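Chemist: Predicted coordinates and the sequence they were generated for:
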Amino acid sequence: ELVRIGASRPARLPAGDRLGCGAPAGGRAECPSVLRTATSGGTAVPGYTPAQFRSAYDLATASAGDGHGATVAIVTAYSDPSAAGDLAVYRAHFRLPACTAGNGCLRIINEHGGTSGLPAPSVSWALSDAIALDAVSALCPNCHLLLVEAASNSFADLGTAASTAVAKGARYVLNEWSAPESLTQDSYDHYFNHPGVAMVAPAGNAGYGRTFPGDLPYVTSVGGTTLRPTRYSTRHWAETAWAGTGSGCSAIEVKPSWQRADASATTGCPNRTQNDVAADADPSTGAAVYDSYGTSSHWSQDGGTGLAAAIITAAYALAGPPARGSYPASYPYQHASHLNDVLYGSNGPCPLNPAYICNAQPGFDGPTGLGTPDGIAAFAAAGTDPVTVMDPGTQDYLAGASTDITITGLDSRSGAALKYAASGLPAGLTVTAVPHSLNAVVTGTLPAAVQAYSVTVTATDTATGKRGSTRFSLVATGSLVSSAPVTTSIRTDIDPGDNTGTDCLDAGAQTAGTTVTVQPCAIDPQQLDWSFVGSPAPGFGGVLTINGLCLALSGGTVALAACDQGSAAQAWFPVYGAGLANKSTGTCLDAGTYSGPLTLQPCDTSLGGQQWLAQTTLQSAVPDTCGTTDDRSEGVLTPPPAVIETEPCGQSGVDYDFSYDTSSGLRSGAGYCATPEYLGYVSAEAASSIGEFCQSGAYSQWAPLPNGEVLNIGTGLCLADPGNSDLPNNQLQVQPCDGALGEIWALG
């Protein structure tokens, strides 16, 4: 099940502009084109010409002489039956050399590499194809073009097409699509991890918000600008951030070492930031495009971040082959002086994020990254840092526990080994290079004190002496075992949409080896009273106990067994949609259709048999700190009638009980649901307030993350105890996910 992070909202487009494909269904990609449907002046061919783009980005010399032998792949969905003919018209009109299948310049294949059996056609996706083919042709007329048409706009088909493009020899791959960042996108990441290939993606056209695959550290994420001629600069062009471009601080993707400058957790983005660079995307200043498939007016003026991404991909191709084993997304960061810094414009607001995430500013910013092309030097391999180390993200361990933290080295151009060193590690921990690998591992035993450590790891290429560094937080937490676990029935909604929870997890005879089943909740209650006891360690989940025995996976059977707190087969952790996943398999407890035994299946909590309801406590990694509901309405139903705040653990009552329910709401035993306070967007003062009524929607949905954070789907922010406080009555908030003590919770 694909779960978007961030509340969806319509694109912020002026009158006369519209999305090329409209909004996609869940789990699908959207094409990145925007149509300029209102034009003026009666010009036969509206939009910027190749000569104008070359002038704006100082690419005239490179366009004339470079790009020979370079293959640019354009990865798209569905088929464009007119692609070859339309490209011929465009290139002939602007007197560019012919690029046809006959002269070997143009190839059109399906996602598996075949030239026959192309997918079904699509009028809307054909326009995006035309924008990409025309824009790359305008700037790199000597490049060869490879159009790879996926069977659908699913991530699996588009990812397969991207890998096929690389297998067919493309060193420059334009992924002409985007999708909102989602919790389950990691299973598709490998399609875009190709060292030595410029993998490029647009940031999307719906304004502020994170998008996949541009949020991946392997990919160059391209934002959009408004490009206009001007008499008031030596460049003769001016750019501002385009209101429609995407940008953001990723909730789930880690930051590479070359993007460390904005990594401060309090004033910047601790994770991957979008974007890296930008180019023209505003359809009001868009490109001249020729597209005859399903259109009445073949020439049009079009934009979108798909246009911007095509411009950047062409710049990479003009700059020459990427270095073997390197990630070209890092190149602009080594050559920022060869980019046009964009100073003004906004795609926001971006509440609770630093202003630069959605507002252009001097230097790096979210909408435009480091800036737009000023020649090709920023996209060349020459002079770039050859060592990239990935930020492993905040690492949360139980104080006194053993650690095993992998530090990933992504590239070392010499092919030599990397030598690792670290500073800030607590006593007892060391970093060691992994033999026959570019990776390292941090091992040892943490001190017993609850404390956070700021760690810097540096990898040095033993042949060249070049290095790359990354920083992360290592947090030693207190125990997350609840002092007063709640004993309750664990209910399931087998019928999707039922929401009655009338069927319960049944322990039967309550003896070791008893197969656990689902039965109507009306039977003997003693067979149904379970306790969810959290593990001391963050992110490990907890055990489900009854009569001193634990729910366990044994030989593929879900049964009772003697409790072993360290056993992954007995550890269960909540996942988005109120699922219960087994730690050893990552699959979810499934009641099926009530006609068979419990099984473990791939997690898809849209299925009723994977939705489980149980009362728990909200235990913080801050020692002796729990969440509780404080009703502040005093009989007046004006928001917020109640808040979640901190109190010492060990107390009982409905205000201390929570459930993670089927609509993914964090529900208080008093009947309230946690929702970040917002009016259209979350306000800057947003606290995690409790609504009088539980309502549907992304702002009421929460997802437990692997290290113990609890992510709000609507905002992409995490439930937090501000200042990691153990004082009573400290109102909880939502804030950027940085894995601090006050962001680590156990529902148990």
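Modeler: Yep, it's here.
Chemist: Am I right that Ala378 sits in a helix?
Modeler: Yes: counting by DSSP: H, G, I helix; E, B strand; the rest coil, Ala378 falls inside a helix.
Chemist: was I right about it contacting Ala279?
Modeler: No: counting by Cβ atoms under 8 Å, Ala378 sits too far from Ala279 to count as a contact (11.8 Å). (Glycine included, C-beta is placed from N, CA and C.)
Chemist: So the two - more neighbours on which side?
Modeler: Taking neighbours as other Cβ atoms under 10 Å, Ala378 and Ala279 compare with Ala279 leading, 31 against 26.
Chemist: Can I take it that the more buried one is in a strand?
Modeler: Yes: looking at Ala279 with three-state DSSP, it is inside a strand.
Chemist: got the contact list for it?
Modeler: Contacts for Ala279 (Cβ atoms under 8 Å, 6 or more residues apart in numbering) come out as Tyr57, Val222, Gly224, Thr225, Leu227, Leu307, Ala308, Ala309, Ile311, Ile312, Thr372, Pro373.
Chemist: Distance of the closest residue to the last one other than its chain neighbours relative to Pro322?
Modeler: Put plainly, it is Pro373. Distances taken as Cβ to Cβ, 6 or more residues apart in numbering place Tyr57 nearest to Pro373, at 4.2 Å, with adjacent residues excluded. Between Tyr57 and Pro322 the computed distance is 20 Å (Cβ to Cβ, to the nearest Å).
Chemist: higher neighbour count, the two?
Modeler: Legend: neighbour count by other Cβ under 10 Å for Tyr57 and Pro322, higher for Tyr57 (28 against 23).
Chemist: Surely Ala308 and Asp276 touch.
Modeler: No: counting by Cβ under 8 Å, Ala308 does not reach Asp276; the two are 11.4 Å apart.
Chemist: Who has more neighbours out of these two?
Modeler: Neighbours per residue, other Cβ under 10 Å: of Ala308 and Asp276, the larger number sits with Ala308, 31 against 28.
Chemist: ok, which stretches of the stretch 301-450 of the chain are strands?
Modeler: 339-340, 372-373, 387-389, 395-398, 402-407, 409-412, 418-423, 429-433, 440-445 (DSSP state E, counting those that start in this stretch).
Chemist: Please identify which of those is closest to Ala578.
Modeler: The stretch from the strands of the stretch 301-450 of the chain with the least distance to Ala578 (Cβ to Cβ) is strand 395-398; that distance is 22.9 Å.
Chemist: And that closest one, what does it pack against?
Modeler: With contacts defined as 3 or more Cβ pairs under 8 Å, 6 or more residues apart in numbering; DSSP states H and E, strand 395-398 has these neighbours: strand 402-407, strand 467-477.
Chemist: could I get the last one in CSV with only the CA atoms?
Modeler: Extracted in CSV, the C-alpha atoms of strand 467-477 (Å, rounded to 0.1, in the frame of the first residue of the first chain):
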residue,chain,number,x,y,z
ARG,A,467,37.4,12.5,1.4
GLY,A,468,33.8,12.9,2.2
SER,A,469,32.1,13.3,5.6
THR,A,470,28.7,12.9,7.1
ARG,A,471,27.2,13.6,10.4
PHE,A,472,24.4,12.0,12.3
SER,A,473,22.9,11.8,15.8
LEU,A,474,23.4,8.7,18.0
VAL,A,475,20.8,8.7,20.7
ALA,A,476,21.1,6.5,23.8
THR,A,477,17.5,6.2,25.1
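Chemist: Could you pull out the buried residues of it?
Modeler: Across strand 467-477, burial judged by 16 or more other Cβ atoms under 10 Å covers Arg467, Gly468, Ser469, Thr470, Arg471, Phe472, Ser473, Leu474, Val475, Ala476, Thr477.
Chemist: mind listing what the last one touches?
Modeler: I take that to be Thr477. Asp396, Tyr397, Leu398, Ala399, Val450, Ala537, Pro538, Ala621, Gly708, Leu741, Ile744.
Chemist: Can you list which of the residues you listed are found in helices?
Modeler: Using DSSP state H, no member of those falls within helices.
Chemist: So the residue nearest to Gly294 when sequence neighbours are not counted versus Val222, what's the distance?
Modeler: Using Cβ to Cβ, 6+ apart and skipping residues adjacent in sequence, the residue nearest Gly294 is Val123, 3.5 Å away. Shown here: Val123 relative to Val222, a distance of 25 Å by Cβ to Cβ.
Chemist: Neighbour count: those two, which is higher?
Modeler: Neighbours were counted for Val123 and for Val222 using other Cβ under 10 Å; Val222 has more, 34 against 14.
Chemist: how about the strands in the stretch 1-150 of the chain?
Modeler: Using DSSP E, counting those that start in this stretch, strands in the stretch 1-150 of the chain cover 17-19, 34-36, 71-77, 106-110, 144-150.
Chemist: How far does the first one sit from its chain's centre?
Modeler: Distance, stretch centre to chain centre, for strand 17-19: 25 Å (Cα atoms, centre = their mean, to the nearest Å).
Chemist: Show me the residue at the heart of this structure, geometrically.
Modeler: Note on the chain: the residue nearest the mean C-alpha position is Glu181, at 4.0 Å, using Cα atoms, centre = their mean.
Chemist: In the protein, where's the longest helix?
Modeler: The chain, longest helix under DSSP H: helix 123-139.
Chemist: how near is the nearest residue to the residue nearest to the centre of the chain once chain neighbours are set aside to Arg272?
Modeler: The shortest distance from Glu181 to any non-neighbouring residue, by Cβ to Cβ, 6+ apart, is to Arg210 (4.0 Å). Relative to Arg272, Arg210 is positioned 9 Å away (Cβ to Cβ).
Chemist: just His112 next, same as before
Modeler: From His112 to Arg272 the distance is 30 Å (Cβ to Cβ).
Chemist: which one of these two has more residues nearby?
Modeler: Each of His112 and Arg272 has its neighbours counted (other Cβ under 10 Å); Arg272 has more, 26 against 14.
Chemist: for the stretch 551-700 of the chain, which spans come out with low pLDDT?
Modeler: 594-596, 631-642, 663-664, 677-696 (pLDDT under 70).
Chemist: Please identify which of the strands of the stretch 1-150 of the chain is closest to Tyr672.
Modeler: strand 17-19 (37.5 Å).
Chemist: rewinding a little: now render the strands of the stretch 301-450 of the chain as JSON lines, adding mean pLDDT.
Modeler: Compiled in JSON lines, the strands of the stretch 301-450 of the chain are given as follows (pLDDT from 0 to 100):
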{"stretch": "strand 339-340", "mean pLDDT": "98"}
{"stretch": "strand 372-373", "mean pLDDT": "98"}
{"stretch": "strand 387-389", "mean pLDDT": "86"}
{"stretch": "strand 395-398", "mean pLDDT": "90"}
{"stretch": "strand 402-407", "mean pLDDT": "94"}
{"stretch": "strand 409-412", "mean pLDDT": "78"}
{"stretch": "strand 418-423", "mean pLDDT": "95"}
{"stretch": "strand 429-433", "mean pLDDT": "96"}
{"stretch": "strand 440-445", "mean pLDDT": "97"}
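Chemist: Ok, which of those comes nearest Cys737?
Modeler: Per Cβ to Cβ, nearest to Cys737 of the strands of the stretch 301-450 of the chain: strand 395-398, 11.7 Å.
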